[in-house]
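**Q** I'll drop the sequence and a predicted model, then ask my questions.
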Amino acid sequence: MLFNSFTYLVFLPFVVALHWALPPLGRRILLLIASYVFYMHWMPTYGLLILALTLVNFFFGIALDKWADHKKRILVASLIFNLGSLCFFKYADFLLKSVWNSLHIAGDFIGWNSGLAASSPTLNILLPLGISFFTFEFIHYLVDVYRGSKPMTNFFWFALFAAFFPSQIAGPIKRFQDFDDQLKSDHKFDPAAFREGIGLILIGLFKKMVLGDNLGHVVAVGFNNPAQMGTVDAWLAAVGFTIQIYVDFSGYTDIGRGSALLLGYRLPENFNWPFLAASLTEFWRRWHISLSTWLRDYLFIPMGGSRVSNFKLKRNLFITMALGGLWHGADWHYVIWGMFHGAGLVVTKDWSDFVNRTPALSRLRPHFLWHWTGVALTFTFLIFACILFRASDVPQALHVASRMFTVAPSASVINAFLTSTLPFSLGLYAAFLATEQLAKAIEKKGLPVLSPAMSYWNNSWPTRAAAYVSIGLLIMGFAPGDVAPFIYFQF
Amino acid sequence: MPATVKESKTPTIPQNREELESIRKKPVRWFAPLEFALTLAIGILALEAYCNFAGVGNEEFLEPDSELGVRHIAGKKVVWRLEGYSDEHLSSQGLRDREHAIQKPAGVYRIALLGDSATEGMQVALGKTYGSVLEKMLNDRTPEERNGKTIEVLNFGCSSYSNGQEMLQLEKQVKPFQPDLVILMYNRGDYIENIRDPNTLKAEPRPYFYIGADGKLTQDNTILEFNKDSFRPNPTIDFLRRNSRIYGILTHMNLTLSLNEMLYSKVRGSLTKLLPGSKKQWNVQAPYTHKNPWTISEQIFERVNADCKDMNANLMLVCFPNIVNDKVYGVQIEALQKQAKSAGFTYLDLSEDYFKAKDPKAMFLKYHFSNAGHELAAKRISDVLKF
């Protein structure tokens, strides 16, 4: 079920209304059923897959707690099981294709005809939605239990943790301790959280449907025909995708977090103004926070983290990011994207060390120009990284990147941008962000200017309802006609 | 087993003014509906203004027509973004074209274009449609090459039209313009739009056709009759259709959801049944069956050819490129070629020209011609025309 579908528009209010009408135990049961309905609406068979994975991991958790003497072996077995499942569903075709291509290359090199068909056979395994996300949640659960956390002892609530529909398909990657605490708490209807939830859903829908989907069409014009792109076209397509992936993914997260809030649950934040990061290190603290903290806690730190030699630290950074890239998608351009980020982090680390060692440069650090130069350079790096992410393969990525430095007249992507609703919707979104920041600044200063308006807004449900209807109409009007899935659904 | 302590439900004393306010019994908001209506009205007006500024909600350009099913809304401004882009007004006669006098001026050779969305060309600017490009190409010829005439191309193309509707349009709307040549663009799948499933009334409101017991082409207006309530003039709806951006957004959303969301179609279908007058008793079963749908298309083209002869015009049938190498369409193209030969009208298949093009993909946006596609169509038609 897509968050931006009519089905979800019917599903969510129904679940929310029923949820608050039931006693606490009934609510949890309802959420478990609703989460499976949500997942199985896409493909019923895969409901069994998530159920089987949940069941096995639940027993692994219990076993880790019960047989402490053998917990290392149990953990290894559980990791093999989870990573094996992920590899089977996500990477089997990729591995087959890579081996096949390697045989061809080797055959061509030594002049031996392998007799293999040019294109590799495929196993035609359909990737279950969200498997990368819930596998990482399972691994986090098992590692934390291994490290001493108490496992969840109720299978049904563990199943709800694994399948909770607002975060099921594309995160945020939850931490079970936090979710378990919320699960056990006596949920009371909180009007403020409810208002926040609706606000987040509307913002998420605007980001996804109005900005993301329209940008998707503009970007596709360029990436589908790289040869037709002029210089400005290529830059516009690359910058467009960089923004698209942010609004698409953060829009998804907003809708998920908003949906959870309507049900009385708070999911972790996943984004914090990532494009304002002044370095790549800072970017990864602001972008897909739940994944970057997962990679830090369950990959980077176990490899030694930063308490190792400088060489090993850089190696760890590089490996972590390369594997992070592979986690995103089963293709070499994702691995290269991860390695690109890894290399970027290594360079950032070296540069930071160099600045620390050079007093003249260290003195410049507090200057605003230093900061904004960092922001600009980081964003430029991200643009090139995003080309690798968007391209269907490495040659296409190189083709698009080469167009950015080829002086040629532009038309195709510029026209697509100017004739879309984007100039108007981006303007509207910028105005919204500016107003929001202004309001926050006023609130921070303790000025009572906005208090009457906020008080009226919070207390007047008819005004809010009318505003929600108007915003809904605005989203429908400015969104393109087709329903596009979220980019991160493929992972 | 640890003992569980149940939290006591003793009332607490409010600690501050906010807590006191929150537990104080709130008054009944008797003005809530008014508040809602007023805020919604402000929201809608603001949205209408912004959508007008941004050219959003302007994609509605068809209105019900009791004879043809639908027709263009005369003079309507249309900003088209669903595929490609255009921002223009329909003419006061409801053509996707500039203004044309009904009476043919002296020294003018008129070409009337009939077809569906491919001819209408909403996906490109008006000046880039194959009709406009053809007119320019022909008038760029020397006076001798065009027999001293000025060429005027009139675009009667209308989205969703079947060949049957185009035939009726020719007889009703095109005839007064006295064309010298009628060009009809046939598209893959057009033949199926002339017929309906005789066992159901769920069909696009338009005239349908069948072969009567006498072997002649017969019109079936059952679906139009069934939907006749929607053809009655409704000043409010007509006003909204012509002027409201939000109305445009809602109809667009209705179309999008109907196409993409099965649940929406089901919910909508169930709600429609609850509307007054929906339980009309109709004989669903039509008094005919379709033995060979293609004969209906052949008879339609026969009648179009006869109509053209009646108005002293020539007929040219142009086949939209068979870009997906559809075998059924391929058979139809061959059949049309034979019919053209025997009936004596001109025939042109664009398929080969598109496959020969340097970049065939660039000829299309998604389903429709791009600027380059329109230009190629115009050029090919122009090559065939002699005056």
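**A** Right, received. Where do you want to start?

**Q** what parts of chain A come near chain B?
**A** A:5-7, A:10, A:225, A:228, A:415, A:419-421, A:424-425, A:428, A:460-463, A:465-467, A:469-470, A:473-474, A:476-478, A:480-483 (Cβ under 8 Å from any Cβ of the partner chain). All C-beta spots, glycine's among them, are computed from the backbone N, C-alpha and C.

**Q** excluding its backbone neighbours, what's nearest the closest residue to chain A within chain B?
**A** In chain B, the residue that lies nearest chain A is B:Gly43 (3.0 Å; Cβ to the nearest Cβ). Leaving aside its chain neighbours, B:Gly43 sits nearest to A:Ser470 (3.0 Å; criterion: Cβ to Cβ, 6 or more residues apart in numbering or on different chains).

**Q** so that neighbour touches B:Ala41, yeah?
**A** No. Using Cβ atoms under 8 Å, A:Ser470 makes no contact with B:Ala41, being 9.9 Å away.

**Q** sorry, back to before: confirm that the residue of chain B closest to chain A sits in a helix.
**A** Yes. B:Gly43: assigned to a helix according to DSSP: H, G, I helix; E, B strand; the rest coil.

**Q** and it, how many neighbours?
**A** 20 (other Cβ atoms under 10 Å in any protein chain shown).

**Q** chain A contacts on the stretch 151-300 of chain B?
**A** Counting by Cβ under 8 Å from any Cβ, the stretch 151-300 of chain B sits next to chain A at B:245-246, B:249-250, B:252-253, B:255-257, B:260-261, B:263-264, B:267.

**Q** show me what the strand or helix carrying A:Gly199 is packed up against.
**A** Applying DSSP states H and E as the criterion places A:Gly199 in helix A:191-205. Helices and strands touching helix A:191-205, by 3 or more Cβ pairs under 8 Å, 6 or more residues apart in numbering or on different chains; DSSP states H and E, are helix A:231-262, helix A:451-459, helix A:461-478.

**Q** re earlier: who has more neighbours out of A:Ser470 and B:Ala41?
**A** A:Ser470 (20 against 12).

**Q** what is the subsequent helix or strand relative to the host helix or strand of B:Gln169?
**A** Assigned by DSSP H and E, B:Gln169 belongs to helix B:163-169. Once helix B:163-169 ends, the next helix or strand along the chain (criterion: DSSP H and E) is strand B:181-186.

**Q** C-alpha coordinates for that next one, PDB please?
**A** Taking C-alpha atoms only, strand B:181-186 is exported to PDB below (Å, rounded to 0.1, in the frame of the first residue of the first chain):
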ATOM      1  CA  LEU B 181     -10.000  18.200 -48.300                       C
ATOM      2  CA  VAL B 182     -10.800  16.200 -45.200                       C
ATOM      3  CA  ILE B 183      -7.900  14.400 -43.500                       C
ATOM      4  CA  LEU B 184      -8.800  11.800 -41.000                       C
ATOM      5  CA  MET B 185      -6.100  10.400 -38.800                       C
ATOM      6  CA  TYR B 186      -6.800   6.700 -37.800                       C
END
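
**Q** what does it contact?
**A** B:109-116, B:118-119, B:157, B:163, B:166, B:170, B:174, B:301, B:304, B:308, B:313-320, B:332, B:336, B:381, B:385 (Cβ atoms under 8 Å, 6 or more residues apart in numbering or on different chains).

**Q** tell me which residues of that strand come out buried.
**A** B:181-186 (16 or more other Cβ atoms under 10 Å in any protein chain shown).

**Q** and what of stretch A:306-315?
**A** A:313-315.

**Q** show me where chain B has its strands.
**A** Using DSSP state E, the strands of chain B run over B:62-65, B:69-72, B:77-80, B:86-89, B:108-114, B:150-155, B:181-186, B:208-211, B:217-220, B:314-319, B:346-349.

**Q** which of these sits closest to A:Gln437?
**A** For A:Gln437, the closest of those is strand B:77-80, at 32.2 Å, according to Cβ to Cβ.

**Q** buried ones in that closest one?
**A** Applying 16+ other Cβ under 10 Å to strand B:77-80 flags B:78-80 as buried.

**Q** contact partners for B:Glu83?
**A** Per Cβ under 8 Å, 6+ apart, neighbours of B:Glu83: B:123, B:365-368.

**Q** pLDDT value on the residue most central in space within chain B, please?
**A** Nearest to the geometric centre of chain B sits B:Ser159, at 2.5 Å (Cα atoms, centre = their mean). B:Ser159 carries a pLDDT value of 94.

**Q** so how many other residues sit close to the closest residue to it other than its chain neighbours?
**A** Using Cβ to Cβ, 6+ apart and skipping residues adjacent in sequence, the residue nearest B:Ser159 is B:Ser117, 4.2 Å away. Using other Cβ under 10 Å, B:Ser117 has 19 neighbouring residues.

**Q** so which bits of the stretch 1-150 of chain B are right by chain A?
**A** B:29, B:32-33, B:35-40, B:42-44, B:46-47, B:50-51, B:53-57, B:81-82, B:85.

**Q** select only the buried ones of these in ChimeraX?
**A** Buried residues within those, by 16+ other Cβ under 10 Å, are selected in ChimeraX with:
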select /B:35,36,39,40,43,44,47,50,51,54,55,56,57,81,82,85
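
**Q** which of the residues of the stretch 1-150 of chain B next to chain A fall in helices?
**A** B:32-33, B:35-40, B:42-44, B:46-47, B:50-51, B:53-54 (DSSP state H).

**Q** how many neighbours does B:Phe156 have?
**A** B:Phe156, neighbours per other Cβ under 10 Å, totals 28.

**Q** got phi/psi on A:Val355?
**A** When read as degrees, to the nearest 10, the backbone of A:Val355 gives phi -60, psi -40.

**Q** let's have the strands of chain B in CSV, adding mean pLDDT.
**A** Shown next, in CSV, are the strands of chain B (pLDDT from 0 to 100):
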stretch, mean pLDDT
strand B:62-65, 92
strand B:69-72, 95
strand B:77-80, 93
strand B:86-89, 94
strand B:108-114, 97
strand B:150-155, 96
strand B:181-186, 96
strand B:208-211, 92
strand B:217-220, 92
strand B:314-319, 96
strand B:346-349, 94
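
**Q** how about these, which one is nearest A:His70?
**A** Going by Cβ to Cβ, the one of the strands of chain B nearest A:His70 is strand B:77-80, 67.5 Å.

**Q** who wins for most neighbours among the contacts of B:Glu83?
**A** B:Gln123 (26 neighbours).

**Q** next, give phi and psi for that residue.
**A** Dihedral angles (degrees, to the nearest 10) for B:Gln123: phi -80, psi -10.

**Q** pLDDT wise, what is it at?
**A** The model's pLDDT for B:Gln123 equals 95.

**Q** A:Phe271 and chain B, how far apart?
**A** As for A:Phe271, its distance to chain B is 27 Å (criterion: Cβ to the nearest Cβ, to the nearest Å).

**Q** quick one, what contacts that residue?
**A** A:Phe271 touches A:246, A:249-250, A:253, A:286-289, counting by Cβ under 8 Å, 6+ apart.

**Q** name the member of the residues you listed with the most neighbours.
**A** A:Thr253 (28 neighbours).

**Q** surely it meets A:Ile203?
**A** No. Using Cβ under 8 Å, A:Thr253 makes no contact with A:Ile203, being 10.5 Å away.
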